[in-house]
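What follows is a predicted protein model with its sequence.
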Amino acid sequence: MSRIKLLPETVASQVAAGEVVERPASVVKELVENSIDAGATSIEVGIQRGGMSRIRVVDDGCGMDRDDALLSLERHATSKIASAADLTAITTLGFRGEALPSIASVSRFRLTTREPGAVAGTEILVNGGRIETVRDGGEAPGTQVEVRSLFYNMPARRKFLRSETTETRNIEHQFFLQALAHPAIGFSLVRGEKVALQLPVTTSLRDRIRDLYGAEFLNDLLEISEREQRGLRVRGWIGRAGVSRQTRAQQFVFVNGRAIDSGILASALREGYHTALMRGQFPVTFLFIDLDPQDVDVNVHPAKREVRFRDPARIREAIVEAVQRTLESGRVDWERKFSAPIPTAGATTAATSVLVEGASSRGSPWIERPIPSAPEISARSSTRQSDGVEASRPTAPEQPSLSQSVPAGRADFPIRPQPIVTPPYLEPAAVPKDDQQFQIIGVLNRLYVLMENSDGLVLVDQHAAHERILFEELRRRMEEQGVPSQRMLLPQIFSLPPRDTEWVERNAATLQKMGIGIESFGANNFRVDTLPAFLEVADAADFLRRVIDELKTTSRSSSPLRLGEDMIAKTVCRHAVRANDPLRYPEIEKLIRDLLACDLPYCCPHGRPTMIQISHAELEKKFGRKV
Ligand code: ADP
Ligand code: MG
């Protein structure tokens, strides 16, 4: 049955002309897209010398009859759209009708195709755009396209090709994109004579990610719990807070199954990650956006890499929301690690353990701490117990300088009493959860708190942890009643351009929450008399101009309080305990509890990790106890 129609000239010109074939990877992209559009369930990509000497794509899709096969090589011939109206709601990957003729015109090209049930297939050989042979072919149902000597007749283009390694990498990237977008299709990649990748058909994106990157990689990812709103769906997997890369290589975004480069989407991701991402780093995302094809224009770029959204703000909001929600859901795993009892041998019997006093008002102990066994207690420790003495005696009273919550055998643990440096305007952090199970072992290098939880060993960066705690506390204050502000000794009068004047008047309430007290002072003049207490501002007018500039450029959809968050994130560092600040046991305990009560406990406001978990399994592996 003939499915291909020649587009009228007007429509053809609407399908913007342009170079489709830039490099071997673009050939792979176009051919695989055709196979997907043809309903293939299995696609094999074979390449030789980075695709420069040969690319072959074999599918088991619908195939073509002889007329269609010939027509498919004509410019602007497509079975996927028939009118200009169809351009407004494209559901296939292809629609421009120019890939096959373009590729065939710059290579030695062979198309073999057969419809299922047809007695014979068709084979067409094209050389630099000239059809040389058309004959019956006997291949399996489906389509096979072979592209040899790409750009052999275009020396200028060929010169622009990079090394074999680079071109191979580009092809592989393309292959990964398609494989990720279509888990229900089996893919294989053959490099030279070797099968480099074989991806079985699967129903889930998770399995496809695992088959591409390995099972361990999944530990770094969180699944977006799917949500659909007015026909807009965001789904997929994204890196946990603190997981990032130096390049965009693992930042995948798909719109209706099509891999897309989009500044809007990239910045929405960045905004969603916000403090969970280190500056200059890129998130790891396998993000899928599905929406009504009418709401997105894919006819923007000849290689169809870019799209235009009818309502970009809405897409942006949905992404930011999905990312934030997902990152916060990552807490659950940490909660699990800190909620199960620590499986310490012998620690469970009353005779060998003591209860360390819990800070909880409800009186529930947060941990059962075993009395250190003999070798663990140093000779100078006064808490050493003689044989036969009942072991359930509470912790040593002989430690005058320490609170009684300091366990026996930890005499050398606190260095000198010094409180956590909490800025005076901060109240104690949010009510800590008191059912957390962990055991503090000590502090390494006056920086890393070592502790044990049900999963194994945890290292906490005390500075990063305190930054996270202060940050969330200040942010909460800002959202609720506004950050603490400080009255300036000398209020400052300054002027703003008329456009900004109106803006300031409209946003005075937001500025107030950020701790900035500003009021109109005659024509285009303003008077500022309070500033956020945690900021050291040398020149108030200059500071305000910058704040206003930045606030104006944040997206319409994002809360202006986001900028306040940035302000806090930037300054919170100064107030946090420093790497070398010696902390006493109770302070460390409080620090850990406060950290675990945070929304995003596992990274500091700059996206660096606060905690590293080394599981029992990893330790056993390192010690060769388990392979
Ligand atoms: P487009 O994909 O934009 O329609 P192409 O030049 O890539 O344009 O392909 C032209 C037509 O050839 C397609 O519309 C399709 O009908 C047919 N075609 C191409 N590749 C295949 C394939 N692998 N299996 C079946 N039909 C194909
Ligand atoms: Mg195509």
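Arrived safely, thanks for sending. Residues are numbered from 1 along each chain as shown. Ligands and ions are numbered 1, 2, ... in the order given.

Number of residues surrounding the residue of the chain at minimum distance from ligand 1?
Distances between the chain and ligand 1 by CB to the nearest ligand atom are smallest at Gly94, namely 2.3 Å. Glycine gets a C-beta too; all of them are placed from N, C-alpha and C. Residues near Gly94, counting by other CB atoms under 10 Å, number 20.

ok, now how distant is it from Gln294?
19 Å (CB to CB, to the nearest Å).

got it, and Val45?
Counting by CB to CB, the gap between Val45 and Gln294 amounts to 32 Å.

Between these two, tell me which one has more neighbours.
More crowded of Val45 and Gln294, by other CB under 10 Å: Val45, with 27 against 11.

quick one on the thing from earlier: surely the residue of the chain closest to ligand 1 touches Val32?
No - counting by CB atoms under 8 Å, Gly94 does not reach Val32; the two are 10.5 Å apart.

does the closest residue to ligand 2 within the stretch 201-350 of the chain sit in a helix, a strand or a coil?
Residue of the stretch 201-350 of the chain nearest ligand 2, by CB to the ion: Lys304 (9.2 Å). Classification of Lys304 by DSSP: H, G, I helix; E, B strand; the rest coil places it in coil.

and if you look at Thr165?
The three-state assignment at Thr165 reads helix, by three-state DSSP.

And for Leu459?
When states are read from three-state DSSP, the local structure at Leu459 comes out as strand.

That one: neighbour count?
By other CB under 10 Å, neighbour count at Leu459 equals 16.

Buried residues, the host helix or strand of Leu619. List them.
Under DSSP states H and E, the secondary-structure element containing Leu619 is helix 616-622. Residues of helix 616-622 classed as buried by neighbour count (16 or more other CB atoms under 10 Å): none.

Summarise which helices and strands it is packed against.
Packed against helix 616-622 by the contact rule (3 or more CB pairs under 8 Å, 6 or more residues apart in numbering; DSSP states H and E) you find strand 456-461.

Beyond the strand it packs on, next helix or strand please.
Toward the C-terminal end, the helix or strand that comes next after strand 456-461 (DSSP H and E) is helix 462-480.

Just give me how far that following helix sits from the chain centre.
On the basis of CA atoms, centre = their mean, to the nearest Å, helix 462-480 sits 22 Å off its chain's mean C-alpha point.

That helix packs against which elements?
In this structure, helix 462-480 makes packing contacts with strand 448-453, helix 561-575, helix 585-596, judged by 3+ CB pairs under 8 Å, 6+ apart.

Can you name the next helix or strand after that helix?
The element immediately downstream of helix 462-480 (helix or strand, assigned by DSSP H and E) is strand 485-495.

Just checking: what are the partner strands of that next one?
Strand 485-495 pairs in its sheet with strand 525-532 (antiparallel), by DSSP bridges.

quick check: angle from the partner strand to helix 462-480?
Orientation note: strand 525-532 sits at an angle of 130 degrees relative to helix 462-480 (axes from the mean of the first three to the mean of the last three CA atoms, to 10 degrees).

Only the buried residues of strand 525-532, if you could.
Taking 16+ other CB under 10 Å as the basis for neighbour counts, the residues of strand 525-532 that come out buried are Phe526, Val528, Asp529, Thr530, Leu531, Pro532.

ok but Arg3 is inside a helix, no?
No - inclusion of Arg3 in a helix is not indicated when three-state DSSP is applied; the result is coil.

Low-confidence stretches in the stretch 101-250 of the chain?
Low-confidence segments of the stretch 101-250 of the chain, defined by pLDDT under 70: none present.

Would you map the helices across it?
Listed in chain order, the helices of the stretch 101-250 of the chain (DSSP state H, counting those that start in this stretch) span 155-159, 164-181, 205-213.

Columns mean neighbour count and distance to ligand 1 on top of those helices, output as JSON lines?
Rendered in JSON lines, the data for the helices of the stretch 101-250 of the chain read as follows (neighbours: other CB atoms under 10 Å; distance: least, CB to the nearest ligand atom, whole Å):
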{"stretch": "helix 155-159", "mean neighbour count": "11", "distance to ligand 1": "19"}
{"stretch": "helix 164-181", "mean neighbour count": "19", "distance to ligand 1": "13"}
{"stretch": "helix 205-213", "mean neighbour count": "18", "distance to ligand 1": "21"}
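
Tell me who's in contact with the residue in the chain positioned nearest to ligand 2.
Closest to ligand 2 within the chain is Gly94: 2.9 Å, counting by CB to the ion. Applying CB atoms under 8 Å, 6 or more residues apart in numbering, one finds that Gly94 lies in contact with Glu30, Glu33, Asn34, Asp37, Thr78, Lys80.

Selection in PyMOL covering whichever of those residues are buried, please.
In PyMOL, selecting the buried portion of the contacts of Gly94, with burial taken from 16+ other CB under 10 Å, looks like this:
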select buried, resi 30+33+34+37+78+80
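
Out of the contacts of Gly94, name the ones that lie in helices.
Counting by DSSP state H, the part of the contacts of Gly94 found in helices is Glu30, Glu33, Asn34, Asp37.

count of residues packed around the residue of the stretch 201-350 of the chain closest to ligand 2?
22.

what's the closest non-adjacent residue to it?
Setting aside the residues directly before and after it, Lys304 is nearest to Val298 in space (CB to CB, 6 or more residues apart in numbering), at 5.8 Å.

hang on, isn't that neighbour packed against Leu291?
No - with contacts defined as CB under 8 Å, Val298 does not count as touching Leu291, sitting 11.7 Å away.

Identify the contacts common to those two.
Residues within reach of Val298 and of Leu291 at once, by CB under 8 Å, 6+ apart, are Val255, Asn256.

can you give me the strands for the stretch 51-200 of the chain?
Per DSSP state E, counting those that start in this stretch, the stretch 51-200 of the chain has strands spanning 54-59, 77-78, 108-114, 121-127, 130-137, 142-148, 186-191, 194-199. These are given in chain order.

and the shortest one, is it in reach of ligand 1?
Yes - part of strand 77-78 sits close enough to ligand 1 to count as contact by CB under 6 Å from any ligand atom, namely Ala77, Thr78.

Show the pLDDT at the closest residue to Leu6 other than its chain neighbours.
Of all residues beyond its chain neighbours, the one nearest Leu6 is Ala77 (5.6 Å), with distances taken as CB to CB, 6+ apart. In the predicted model, Ala77 carries a pLDDT score of 85.

What is the burial count for Ala77?
For Ala77, the count of nearby residues is 19 (other CB under 10 Å).

Make residue 1 into 698 and carry on from there
New numbering, starting at 698: the last item is Ala774.

That one against Met761, yeah?
No - using CB under 8 Å, Ala774 makes no contact with Met761, being 11.2 Å away.

what touches both of those two?
Contact with both Ala774 and Met761 is made by residues Ile701, according to CB under 8 Å, 6+ apart.

Sketch out the low-pLDDT regions of this protein for me.
The chain contains residues with pLDDT under 70 at 698, 702, 704-716, 1040-1132, 1250-1260, 1324.

interface residues of it facing ligand 2?
Taking CB under 5 Å from the ion as the test, the list of the chain residues beside ligand 2 reads Asn731, Gly791, Ala796.
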